[in-house]
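# Sequence below, structure please.
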Amino acid sequence: MPRASADPVDDQSEVLDWIPNKRVLRAPRHLRDFQRDWFANLRDAMFDNRELQGYLPVTSDLWKIAGAHRRDFWDANKSEVMAAFEFRRLAGYGEVMYFPALLEVIAEQRKLLRQKKSRSPGGGNVGRKVGSAFLSQSEFDFEVQNKTRAKPPKSAKLAEREEKERRDGLKRATKMGVRDYSKHPLEDWEKSA
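Have a look, this model is predicted:
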């Protein structure tokens with residue numbers, strides 16, 4: 001059994017949108033290529049389950065969720081994949097399957113998220129850490145907008161030097177027989193050819 005709470009439904013207050021790609025989440029190495037895909041699809045469906053994140057109800061359609069093309073092929077090859085997961089009954093949900101390592105990563109990420117919320121100014125704002133403070137999303141967006149603003153005008157000397165370098169490059173290209181397509185529209189170039 002994973003270190004999940006006795007009632008995993010209580011832990012669903014913070015649904016995660018992403019988790020780090022950790023080695024413990026990979027498919028077992030002994031699985032064949034298509035079985036690894038099935039494993040990954042089932043694991044991802046467990047993570048994407050917004051109602052009970054980390055768990056997947058066991059239904060007759062698991063083969064479709066896994067991405068198998070045919071039910072008979074799934075039935076013939078599913079045992080090794082299903083052995084990688086654990087199963088339990090949950091009140092109100094029936095039988096569910098889960099991957100213990102996924103539950104541990106989800107619990108770890110939720111813990112980190114709660115810690116960030118408690119340390120950040122304003123309580124609920126979770127943002128990027130800058131020094132000892134956290135930027136909220138709106139502060140972060142503002143910071144990004146400031147970085148993407150137009151650059152200040154170049155000094156006259158710098159602009160002059162860049163223009164000289166551009167002209168020298170054009171002269172070298174002309175000597176080599178290369179035309180400056182940015183200066184000559186296609187029609188003008190065709191006429192001169």
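# From now on I want contacts and neighbour counts done on CA atoms only, so please keep to that.
Fine.
# buried set for the helix or strand harbouring residue 174?
Per DSSP states H and E, residue 174 falls inside helix 156-176. For helix 156-176, a neighbour-count test (16 or more other CA atoms under 10 Å) marks nothing as buried.
# tell me what that helix is packed against?
Contacting helix 156-176 under the criterion 3 or more CA pairs under 8 Å, 6 or more residues apart in numbering; DSSP states H and E is no other helix or strand.
# Not counting its own residues, what contacts stretch 91-99?
43, 46, 54-58, 84-90 (CA atoms under 8 Å, 6 or more residues apart in numbering).
# What residues sit buried inside it?
Buried-residue list, stretch 91-99, by 16+ other CA under 10 Å: 96, 97, 98, 99.
# Now the third one: phi and psi?
Translated: residue 98. Residue 98 adopts backbone torsions of phi -150, psi 160, taken as degrees, to the nearest 10.
# Also the second one?
Main-chain torsions, residue 97, degrees, to the nearest 10: phi -120, psi 150.
# Skip the chain neighbours and tell me the closest residue to it.
Using CA to CA, 6 or more residues apart in numbering and skipping residues adjacent in sequence, the residue nearest residue 97 is residue 87, 4.4 Å away.
# And the host helix or strand of that neighbour, what does it pack against?
Residue 87 is located in strand 86-90, with elements delineated by DSSP H and E. Counting contacts by 3+ CA pairs under 8 Å, 6+ apart, strand 86-90 packs against strand 94-98.
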